[in-house]
Every structure is written in C-alpha cells, then in structure tokens.
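In: Predicted structure and sequence below. I'll ask about it afterward.
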Amino acid sequence: MSKPLLLYTAPTPNGHRVSIVLEELRAAYGTNVVDYDVERVNLSARQQKEPSFIALNPNGRIPVLVDRAHKPAPFNVFESAAILLYVTRKYDTEGRFTFPVGSDDESEMLQWIFFAHGGVGPMQREASWFRRFVPEDIPYAKKRFTEETARLYGVLNIRLEGRDYLVGPGRGKLSIADLNVFPWVILHARAGIDTMDEFPNVKAWLDRIAERPAVKAGLAIPQSQVLRTPVEVGMTDLRVSTAYICAATNRFNRAASLSPDATTIAFGSARLVALWNIDDPNDNGIYETLPGHEGTVTCVQFLYDDLFFSADDRGVVRAWRKVENTWRCTLTSEAHKQPISALTALDDVLVTGSSDSSIKVWNIKHGEMEVVLEESQTIPLQGRYPLAIAATTMPKSKAIILAIAGHEAGVTSLSWASGKADQSDRKRSLTLLSTSTDSSLILWSPSDTLFKPISSAAGPSIWINRQRFGDVGGQRLGGFVGGIWAHTARGDEALAWGWSGGWRRWRSIRVDAMDGNIDSDEWREVGAIGGHNAPVKDVDWSPAGEYLISVSLDQTTRIHGAVFCATSKIWHELARPQVHGYDLVGAVWLSPWKFASVADEKVVRVFEAPGGFVETVKSLSVDGLAEVDQDRPVAASVPPLGLSNKATNDTPPQLDPTYLRRRPFEGELASMTLWPEVAKVFGHGYESITIASSHSRELLATACRATSSQHAVVRVYSASTFQLFGSPLEGHTLTVTRIAFSPNDDYVVTCGRADQSGTTWQTGYVPVAMDKSHARIIWDCAWSSESDIFATASRDKTVKIWTLKSGSDHWPALATLKFKEAATAVAFCSIDDTR
C-alpha cells in the first residue's frame, strides 16, 4: 500500500534537508502520522530532466515531495525550503521543530532558512564545484568561493555563541532552521575547509545534531545500492564485491582509450565500458564495468583523467566522470542517427564521425554534476565513411585542425604515445605505433633520430621499422584490431587487442647507450587481459572450487583460477582447453582434471587435463589441487580439418622461457593450452542444449533441442563408463532448457521451453512432481544447499521458490519474486554458514 508521501530525492545536501526533517517528524509523531516512500533520482543519468520529472518540477531539480493524501488530488511541492515549511505546517502540530505562527521566533527561523538558502548553499556549492569538478585550475574562483563559505560559517559561529541551536529563547531549540543548513555545513571539507577548529561553536553544533538517530537515518536516504537481506527475518548483511572480471574488447579500432596519466584503459566490451588499471602492481586486470549503453560500444576517448566519452552503434554518446572515486554517466546524447565509427576529443571540443556520412563538432560545457554537448558544426562527407578522426591545433594558434581517414587497408590503427614521457635526460625518439590485420604490431621512428644524435637531426627523414611484435599463434585470425602506445610509470608500453578481443602487451626497459649517442630498448611481453567475445552460456566450479570453467558462443572453453601474486591471490585465465567449430552451450566438471562439454552438435565431448596444464597450475600455486594419479600426455593439438583435440607428447614451442613461472599470456592461451579429448557420448537426435552432473560426479545428464515429446527427454549417463543410466527421463513436450541435481543427488529438476513446465525426478529416476505455473520459458533452476527447496527463473519476469511435498505430484510454491526484466539465471547462497 502506498504511503501518504512520496519523496523524489538523491544523496545531496538539498535532498538530505528533506529526508532528515521527515525522519525527525516520523520519530516524533509515529509512522501512523508521518510516513513516506522514497524514489531515488539518478542525477548522473539526468532522470531529473526527463518529461515525467519535469511534470513534477518544471525546474528539473530534486527534491520533490508528492502529497498523495492531499484532497481532492495529489499535490506536488518542490524547492527544499518550501518542502520543509509544507511538511512542518501539516504534521508538526505540537511545534516540536517550529515556532508559533506570527511570533518573533518564527520570523527568526525564516531568516536563518533564507540565509542558508541564499548564502551557504550557493557559495559552498560553487566552492566544491571549482575544487572537485572543473578540469582547469582556476585559483581565483576557488579562493573566492571558499573564502565566502568561510565567512558565512563565521556568521553561524557568531550566532551560536552561547547557544545550542540557531533559533529559540535561551540556548534555543532544534528547529528546521538548523536541519536546513546542517547537510551543507557537514560537507565543509568539499569546499576546501578541512577543519572546523576556526569555528568552535559551529563544530559543537555539528556534533550535537549528527548524533541524533533521525538525522543519521535521514542522511542514509536514499539507500545506497548495497545488496541487503531483510533484518526482520534474522539474516545478516550480504555485501557483494568483485573478485574477477574477464571481458573481450569490441572489434572496433577506436574501442579503447588510455587516460592522459597512462594508468587506466577504458574500452568497449559489448554494451559495457570496461576499466583496466594497467598500473596495478598486482595485475588485477579489469576492475569495473560501466553499464548504460543500449548498443555495442564502438568508440572510447579520454579527455581528462577523470572524464571520458563513449559512443555506440546506435549513434549515442555518453560522458563518464569520476566523482569521489566513482565513475558516473553524466551525459547521454543521441549525436547521430547511424552508428558512430570515429570519436576524438581535444580541449573542450568533441568530434564524432558516423556511418550517416557526417562529422559533427561539439562544444563541451561542464556543469556541476553533468556534461553538456552543444553542436557547433556538421561536416558532410558526401557519402564517404569516416573510419578515424584526429584533432590538433596549429602552432601559435587556437584553431582546431581535423584529419579524417576514410580508406580501408591492412593497417587497422595508428597511435602516438599517450601519457607523460620520461623527463630524465635520456634521449627519446619520436615513435608511432601501427597495428595490422597481418597480426603484427610495429613501432616506427625517423631514421635520423635512431642513427644520429637528436640534436643534429634536421630536415625530412625516412621512417623505419624500429620494433615488431606479434605474428604468433592466437592473434593470427583477423590480426590486431587496434593498439595503444604509451609512456607509463614502468616504461614504454605497446598494447594491442586482437580479433578475438584479447590483449597483448609489451614493455620496454631503456638501456643507456655507452657512447652517449642513442639508447636501446629491451622488450618483453607482460600480462594483459582477455575474455569471451560472445555471450557466455554456462559456468561450473571444479569439485573443490580450485577453478571455474566457462563456455561461450565464441566457440571457446576457458578455465579461470586464482594465481598467487605477491601477498594475495589474483584471478586469471589459465587455459583454453577447447577451441571448437561449433557454438558451445554447456560444460560440467567430472573430476578435478576432467570435464564434459556440449555444443551446437549432437555429441557430448569429454576432455582430460594434459601434463602441461597440471605443471602450470602447480607452478602457479593454485589452491586445493588434487593429486595426479596417472601419467598424462604433455599437450594436445587439433589436426587439420578436425574438431577433436588429439593427445601429443611433443612439447609445444614456448613463446617465452619464463612460461612455467607465470600465467599464460593471450598468444599462449590460444595456441598451447588445449586439452586432449578422451571420449564422445552420443544419444540425442538433435543438437545439445544443456548438460549437468551430479554432485558426486558419478552421473552426467544431457538434453537436446526438441519439437516433440519424443526428443524432449533427459538422458542420464554413468560418468565413468558413459553408458546410459536407466531409461531417458520423459515428461516435457518441448526443449528442456536446464537440468539441476539436488546437492544430495536424491532429485533432479528439469525445466522446459514453451510448455513452461518444471519436472522433479527422484533417485532412480522417476517423476515425482510437475508444475506449469510460469507463463513464459523457464531459463534456469537451482537447489538450496539443504536440498529441501529449489528455484526456477523465467522469462515471465518471476523467480519461484518451491518446496518438497511428499505424496503429491504438485509441489507448492513458497514465494514468487517479481522483477522488471526477464529472470535468466538463479542460484542459492549460504550466509554465515547458515541456511
């Protein structure tokens, strides 16, 4: 049931003014008198500018209060001070936070409210803005607004001399005059006032108010997006953190960009923007992904260390700003009607190129929390397609010059160095990086800067190949798509991503020349990142949780594990045991060294770890490894025109002599980490769709695509002999989408397609229950660790929780969880080793 009030707000001082007063009123008069719902407004996504919000507040600002109990129709109130006056006049009937109407105290209360509304708030906001968000350093503005904020604090300090609160006889009483200005003053450090020692009366006043429970509750509204379990049911807080992200880079040569300080690469991965800290000494890889785009990200471009732009194949540009160590989308703009293929930024100018055969030049305007683009020019290309754009300024001029590339050739990208060059007196040569579809990455430099002192270089020169990388193994298909050349804190680096979306990375160590003429570089490959470049269809933990296996429509199977690094364990991809010719849809572990997979074919394939993988994971100190009880082939290879990995005892060529002392790199993963195939399992008449194993790892269950009940069966096999275990499990009429064994292996749940049915089978296995309560396809199912309840997730935007009921073929649903989008996956988690 809706509560009488609805507050549209965000975690800002203006929003907290209202939520604090509402919490104080609720604590004073009870929720039967004052209660409200909260709707969080995403300022970064500019929800406050959407038509639905403008209908509430034409000014497009938070907070807004909707009095749903107002008669004859709901009444909207905007402006924080107006909201405080409205709610106290309506609900503060005993005057606990106000004063008698027409009294001198009420007049003083209004004076201090307007003082904060016209003075403290605006001045402190500007001081914070120029210190934290404006990319240019403007000393006058910072000094001007910080000093004015301090002056206003001084006014408060004078007023609070000998008082506890701003208004009221004697030492005063807490009123909305105090609660109105408190949320601003408590953020004094953001305005450049680090300590309140200069204002002792204000400092004591802040401490006094901050200790109030209702104030603490008001400051926590709207709640942060931390996953929590209900305290009412006796469960502890559940907090989620990211341990590992692997993601591929999109196949666009402008899909990645390096920050000016050469520490962070932002790149497009499907519809996400991924962030990779290349300066991380622990090599954690990708640390965050930013959702928001509805199309595939095609271009990314940093402007400042805390601001970059991204564009997608729907013609949309987004701006991302780092605020308080958190990246937020501060702009969403439809720049073109067709996909954006090129993007560059210079100073406060953004340039976009699109397949609509145009280039647009935009002026970048910076607001308090947002970025605004104003179109200044459109350049028609007369039917040509812009593949790349570069912008610079002419010497001794502020005029911006654009260079536009529209040809297609073997060269996929060019990159000058990003980041700050070494400022020591070592001699650096001008260098350009190029990537190509021939799987090579080349550094080019003028011949005269390489073979004679820089000081004597003059006139034109020939650019020659200074260093060549790549052309090995896994990146050959499609070659390199794009690259980045950078001066980093740890040396010069050349980075490039390939057709499969994985990165390779080389770092140089500068060696000073003995004769003083030229320096030389020693290059070595170092760790980079990668991931599936198509949807991941299944994942499964190894029996002891040592590593995780994943399969994808990119036709690869990958194994991920935690590798010892310095003082911690860092997750990386350890092997690519199957590179197939069909889309892979499922995989399960059968033992610590054996797994089975299914693809868009009629056969189940079983793989066993070669000796090379065993040695690799042992050398990397992967936890929980099982003992090896047999001799194993060294490696595996795929014969020409074949699909089956064949065992071989020939040691694969090592790309690097340090291979066994570190994790495999992208080129090695793609060419040297295959597992031999040891068995094939046949039985289904159509392509496989799902696979599962019992928790004892003794049984294997599979299902295939089906259009009739004859083929909509689940086949259960012995995992040791791969012979059929009992009769196929019937009951569905169309495709079985998921199979799940209960943890005690007493039951199997299967969920189906189109008939929206779920069937439960008891050990043997015989059907014991069936239900068709979902309205759309069921995508997933899962058991609790106690084997007494299970869940089903459906396209009908619900997850249902079911319980066992002996003697009945219709087990009851304990609960139905509703979502805004289709539910595609579900899993149970134990909390503090409890249910």
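Out: Alright, I've got the coordinates. Numbering: from 1, shown residues only.

In: a helix runs through Lys216, doesn't it?
Out: Yes. Checked against DSSP: H, G, I helix; E, B strand; the rest coil, Lys216 lies within a helix.

In: Quick one: neighbours of Ser671, just the number.
Out: Burial of Ser671 is recorded as 20 neighbouring residues (other CB atoms under 10 Å). Just so you know, the C-beta spots here come from the backbone N, C-alpha and C atoms, and that holds for glycine as well.

In: residue closest to the middle of this protein?
Out: The C-alpha lying nearest the average C-alpha coordinate of the chain belongs to Thr289 (CA atoms, centre = their mean; 1.9 Å).

In: who's in contact with Val736?
Out: Ile689, Thr690, Ala703, Ala706, Ala712, Val713, Val714, Thr750, Cys751, Gly752, Arg753 (CB atoms under 8 Å, 6 or more residues apart in numbering).

In: Let's see which of those residues end up in strands.
Out: Of the contacts of Val736, the ones assigned to strands by DSSP state E are Ile689, Thr690, Ala703, Thr750, Cys751, Gly752.

In: Same list as before, those that is, but in CSV and with neighbour count and pLDDT included.
Out: Formatted as CSV, the ones in strands among the contacts of Val736 follow (neighbours: other CB atoms under 10 Å; pLDDT from 0 to 100):
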residue, neighbour count, pLDDT
Ile689, 22, 95
Thr690, 25, 96
Ala703, 29, 95
Thr750, 29, 91
Cys751, 27, 90
Gly752, 25, 84
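
In: which among those residues gets closest to Ala489?
Out: Thr690 (47.5 Å; CB to CB).

In: From Ser794, how far out is that closest one?
Out: Separation of Thr690 from Ser794 (CB to CB, to the nearest Å): 16 Å.

In: that older thread, which of the ones in strands among the contacts of Val736 lies closest to Trp802?
Out: Using CB to CB, these come closest to Trp802 at Cys751, 11.0 Å.

In: so that closest one sits right up against Arg776, yeah?
Out: No. Cys751 lies out of contact with Arg776 (CB atoms under 8 Å); the separation is 11.5 Å.

In: re earlier: can you list the ones in strands among the contacts of Val736 in a markdown table and add distance to Phe97?
Out: Converted to a markdown table, those look like this (distance: CB to CB, whole Å):
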| residue | distance to Phe97 |
| --- | --- |
| Ile689 | 63 |
| Thr690 | 61 |
| Ala703 | 64 |
| Thr750 | 60 |
| Cys751 | 55 |
| Gly752 | 59 |
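
In: Going by distance to Ala214, which of those residues wins?
Out: Nearest to Ala214 among the ones in strands among the contacts of Val736 is Cys751, at 47.4 Å by CB to CB.

In: Run through the bridge partners of the closest one.
Out: The partner list for Cys751 in beta bridges (DSSP bridges) reads Arg738, Gly758.

In: Please apply the same query to Leu343.
Out: According to DSSP bridges, the residues that bridge with Leu343 are Thr352.

In: Now do the buried residues in stretch 337-348.
Out: Buried residues in stretch 337-348, counting neighbours by 16 or more other CB atoms under 10 Å, are found at Pro339, Ile340, Ser341, Ala342, Leu343, Thr344, Ala345, Leu346.

In: which residue sits closest to the first one in space, ignoring its chain neighbours?
Out: Once flanking residues are discounted, Pro339 sits nearest to Asp313: 3.8 Å by CB to CB, 6 or more residues apart in numbering.

In: try the second one
Out: Among residues not flanking Ile340 along the chain, Ala311 sits closest, at 3.8 Å (CB to CB, 6+ apart).

In: what's the neighbour count on that neighbour?
Out: 32.

In: One more: the one 3 residues further on?
Out: Burial of Arg314 is recorded as 17 neighbouring residues (other CB under 10 Å).

In: Could you report the pLDDT at it?
Out: We note a pLDDT of 95 for Arg314 in this prediction.

In: what sits against the closest residue to it other than its chain neighbours?
Out: Nearest residue to Arg314 in three dimensions, chain neighbours excluded: Gly295, at 3.6 Å (CB to CB, 6+ apart). Gly295 makes contact with Arg271, Asp312, Asp313, Arg314, Val316, Pro339 under the criterion CB under 8 Å, 6+ apart.

In: Could you rerun that using 10 Å?
Out: Ala270, Arg271, Ala311, Asp312, Asp313, Arg314, Gly315, Val316, Pro339, Ile340 (CB atoms under 10 Å, 6 or more residues apart in numbering).

In: what's the closest of those to Pro169?
Out: Taking those together and measuring to Pro169 by CB to CB, the closest member is Val316, at 59.0 Å.
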